[in-house]
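1. everything below, folded, please.
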Amino acid sequence: MKESHDPEKILLLNRDEQNDEEPQRSRVWSGSRQWRGLRNLVVVFVIYGVYTVTVHMLAPSPHDEHHHESLYWAKKAAWKQRGPLSPEKVEEFYLSIPDPGSALAISREYATHPHVAGSVEDLNDAKVILKLFQDEFGIHASEDIPLYHAGTHESRSATLDIPKYHHPKAWIDQYFPVMNTPLDLALSILGEDGKPEWEADLVEDGDPHDPDAAKYRDAVPTFHGFSADGEVEGQLVYVNYGRKEDYDELIAQGANLTGKVVLARYGGVVRGLKIKGAEQLGAVGVLMYDDPRDDGVVTVENGYRPYPEGPARNPTSVQRGSVQYISLYPGDPTTPDAPAYENATRTDGENIPKIPSLPISWENAQRILKEISGKDVKAALTLNGKASEKKVKLVNHVDTKVIPIWNTLAVLPGHIKNETVLIGCHRDAWVMGATDPTSGTVSIHEVVRGYGALLRKGWRPLRNVVFASWDAEEYGLIGSTEWAEDFPEWITENVVAYINLDVSTGGSQWSAGASPSLAHLIRDVALKVPHPTDPTRTLWDARHDVGPYDGSVDAESAAVFSERKLHTQSDLGITPLGSGSDWTALLQHLGVASMNQNFESTLTDAVYHYHSVYDSQLWQERYADPGFFRHAAVAKHLGVVALRLADSIILPLNTTHYAHELDSYLDAVEDINAALSTTADFSGLRRSIGRLQAASKALDEEKEEAEKAFRELLDKIPHHGRETYAHRHARPHAHVEGDVVPHPDSEEGHPHPSGHGHSKCALHHHGHSSRINGLPLPGWLKKILEKIFGHGGPPRGPIGKFVKAAQRVQAANAKLVAFERGFISEEGIKDREWYRHLGVAPGKWLGYGATTLPSITEALTIDVNATLAEQEARRVGALLDKLTETIKV
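-> Here you go, the predicted model:
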């Protein structure tokens, strides 16, 4: 081999093409013997960079780009001498960090003031989260806050350049959605002269026994996000939960809702669909309230005192919330399928009500119910279509306008630059939101502390990890949806999984929902994490926990609760995801495998005052999580799940479990088919599922063999070379460090293994490198090998085999990621095309609840059309057949 190349240039590896590189160091070697030694050293360095990745020997990167070079390299050398952390040690160390005391302290900071989306307090909290990221991840905090308007070069680059980062980075993106705020709210009963004879107070009492509730009782008026502006009058009709089946029953009884104001209790279906159903039947307004019958055993009727004196519902509590038709599409109503930039072209919004609504308390609901059946409130709670003799007047004046919101994001760069694990939790609340979402934010705070501690130990993730504090989730998943609509191509090409958190602790029973491919990972980690309050059990056992109270339960309420549990249960105990939180755009629109978890309320828990001023720090400490052990348990579970997704050689995605779940999804469709006595034939789809299962099983074997071969070949890499790198050369001689990524700004396109677009590689074509260029190698490796070997071609023997083994691992991972993407149909679901996932979606008349095989299911249940169901089955089958080809090995 001729050795005419400049060693200095070889060592620098085209540093001028790199972004955010480490400070350049100069050291020149001369002489052929020295060059041969250097060449061998660089070979070992390249292989060791990958080797360190595979065993989680993750080199630290400088947290502050402004550190002195000598200090940085001194720290690096010290870490090398201490030795790396094994995967087991990484998890063990991480699990020692999330702490109930820390969680309690930070909750007392976050949950003791209102922070509605778009408010000054919300912006302040966005900056607080930014500082948390900066402090824990060692990010230099400049005088100018990195706050970028969405759509600007700065904002776009912050996300799109994630594959280029070598140091942690954090920033705030500002979007500009249309939202509303209340101006004038009123509810009254009108006398015969048309004048009010009774007026509702429309406030929560702010009992002084809960100091924060008393302080902020008037901070956020009791209104509905995205409610229509207007004043209406009409007779009152009780419609139970306001579900489609409730309205259908009323119509079957001959009820006429035209010109009426309807009263619905919360539950059964998402708020917006209660209004949509009423609107379609001619109603002019909607009132909603929380009914104690849905509070399980913990009621005043069963002898429990109302909060804050006891665990039962405070009768003045009011549930605020969005009334967006989320099952049509989430996000800014005026920019569907596009990001809400400041200068965005806007529509009128098709997923928001056209009739006004108000949320009211149980105390006020009792008063107006008496207008239906005299003094007997219970008699009025019957679904019979009876209207009140007197009219009620509903006033809902709101200010609808563009209101800025703020997503705060942080990146921990990994070695594999084009694979990213995304972790997110929304930050905004309807008032203080100690449960929703501050409990989630607190758990994420503990995860961030844990990852920061790992960074300081010398850990660096194999894949990028991105943290997101979403805004305006409460209005309709706006922050996460606008970000997803802003960067759909980047997400599709880079994000391997999304881990969502919303409510962390609202009750005693642990629950998780996820893409089926993540179910085994969730269970395995839950079996490792200790139970929050019982050291003899695990977090997985907490799925069966119940609250400490007893008593009688309303039969209909219990049936609704049980139906929800049965409807969402899977064989493994991990429920499918519909909508209702920030996974929606990632999973349902873009096909990113997603998960969510929480401790939820049961029928025997203290009443959770959802979206009320009584969702307070005092309630959390007294009833939801005394001691804050559940907050810490969720943080431990989430953090380890993310570590395994970020650091495993083969992504822990179980596609075969997913493929077999499809059989149960189709079983449910066939049950509906039989119940409706329709004759739709789904045998073709069943065969497609079988073919996908076979392909997935073959992929299971391939990924196992690929990892085995990879590890076996590692053992054949010369150990003296590893030792030379690890111990004798504390100053690496080239900035590669396992950053396994094609350079984004280079010239040659290299097909992305997942089939989604192209990624670039920085391979310069020299006339003497044809043997390298002819190989199916990633661009990053071609470049390094070309620089090292010049005319002589790639390495042979163990190193050459190792390179092929690495490619084999990469290909297997690409197929695993492609699995969830394979359910995405560009045409989307009938009548709500924004939802493109044909495996699972929020039910059209459920809103939050998951409907599996939604296009087929709803062709039967809503359209009652067997021909359409068969057409949809063929469409799903075609997607599955295409996916089968994608994952074939």
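2. list the residues that contact the closest residue to His426 other than its chain neighbours.
-> Sequence neighbours aside, Glu473 is the residue nearest to His426 in space, at 3.3 Å (criterion: C-beta to C-beta, 6 or more residues apart in numbering). The C-beta positions use only the backbone N, C-alpha and C, and glycine is treated the same way. With contacts defined as C-beta atoms under 8 Å, 6 or more residues apart in numbering, Glu473 is in contact with Ala117, His426, Asp428, Pro437, Gly479, Ser480, Asp502, Ser581, Asp582.
3. give me the buried entries from those residues.
-> When those are checked for burial by 16 or more other C-beta atoms under 10 Å, the buried set is Ala117, His426, Asp428, Pro437, Gly479, Ser480, Asp502, Ser581, Asp582.
4. just those residues: which are in strands?
-> His426 (DSSP state E).
5. quick one: Met595 is in a strand?
-> Yes - assessed with DSSP: H, G, I helix; E, B strand; the rest coil, Met595 lies in a strand.
6. grab the nearest non-local neighbour of it.
-> In space, and not counting its chain neighbours, Met595 is closest to Ala514: 3.6 Å by C-beta to C-beta, 6+ apart.
7. tell me the contacts of the residue nearest to His544 when sequence neighbours are not counted?
-> For His544, ignoring the flanking residues on the chain, the nearest one in space by C-beta to C-beta, 6+ apart is Gln509 at 7.4 Å. Applying C-beta under 8 Å, 6+ apart to Gln509 gives the contacts Ala542, Arg543, His544, Asp545, Val546, Phe599, Glu600, Ser601, Thr602, Asp605.
8. just the buried ones from those, in ChimeraX syntax?
-> ChimeraX command restricting the contacts of Gln509 to the buried ones, with burial defined by 16+ other C-beta under 10 Å:
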select :542,545,599,601,602,605
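9. Trp834: what's it in contact with?
-> So Trp834 contacts Leu328, Tyr329, Pro330, Pro336, Asp337, His589, Gly828 (C-beta under 8 Å, 6+ apart).
10. for it, give its distance to Ser327.
-> Look at Trp834 and Ser327: by C-beta to C-beta, to the nearest Å, they are 10 Å apart.
11. just to revisit the earlier point, contacting residues around the residue nearest to Met595?
-> Ile522, Ile574, Thr575, Pro576, Leu577, Ala593, Ser594, Met595, Asn596.
12. quick check: next helix or strand after the helix or strand encompassing Leu638?
-> Per DSSP states H and E: Leu638 is located in helix 629-647. Counting by DSSP H and E, the next helix or strand C-terminal to helix 629-647 is helix 655-675.
13. CA atoms only for that next one, dumped as PDB, please.
-> The C-alpha trace of helix 655-675 is given here as PDB (Å, rounded to 0.1, in the frame of the first residue of the first chain):
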ATOM      1  CA  THR A 655     -43.100  -6.900  16.000                       C
ATOM      2  CA  THR A 656     -44.200 -10.500  16.300                       C
ATOM      3  CA  HIS A 657     -46.400  -9.700  19.300                       C
ATOM      4  CA  TYR A 658     -47.800  -6.800  17.300                       C
ATOM      5  CA  ALA A 659     -48.500  -9.100  14.300                       C
ATOM      6  CA  HIS A 660     -50.400 -11.600  16.500                       C
ATOM      7  CA  GLU A 661     -52.400  -8.800  18.200                       C
ATOM      8  CA  LEU A 662     -53.800  -8.100  14.700                       C
ATOM      9  CA  ASP A 663     -55.500 -11.500  14.900                       C
ATOM     10  CA  SER A 664     -57.400 -10.300  18.100                       C
ATOM     11  CA  TYR A 665     -58.200  -7.000  16.400                       C
ATOM     12  CA  LEU A 666     -59.800  -8.900  13.500                       C
ATOM     13  CA  ASP A 667     -61.500 -11.300  15.900                       C
ATOM     14  CA  ALA A 668     -63.300  -8.200  17.400                       C
ATOM     15  CA  VAL A 669     -64.300  -7.100  13.900                       C
ATOM     16  CA  GLU A 670     -65.700 -10.500  13.100                       C
ATOM     17  CA  ASP A 671     -67.700 -10.500  16.400                       C
ATOM     18  CA  ILE A 672     -69.300  -7.200  15.300                       C
ATOM     19  CA  ASN A 673     -69.900  -8.700  11.900                       C
ATOM     20  CA  ALA A 674     -71.800 -11.600  13.500                       C
ATOM     21  CA  ALA A 675     -73.700  -9.400  16.000                       C
END
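14. by contact count, what packs against that helix?
-> With contacts defined as 3 or more C-beta pairs under 8 Å, 6 or more residues apart in numbering; DSSP states H and E, helix 655-675 has these neighbours: helix 683-714, helix 797-821, helix 854-861, helix 866-887.
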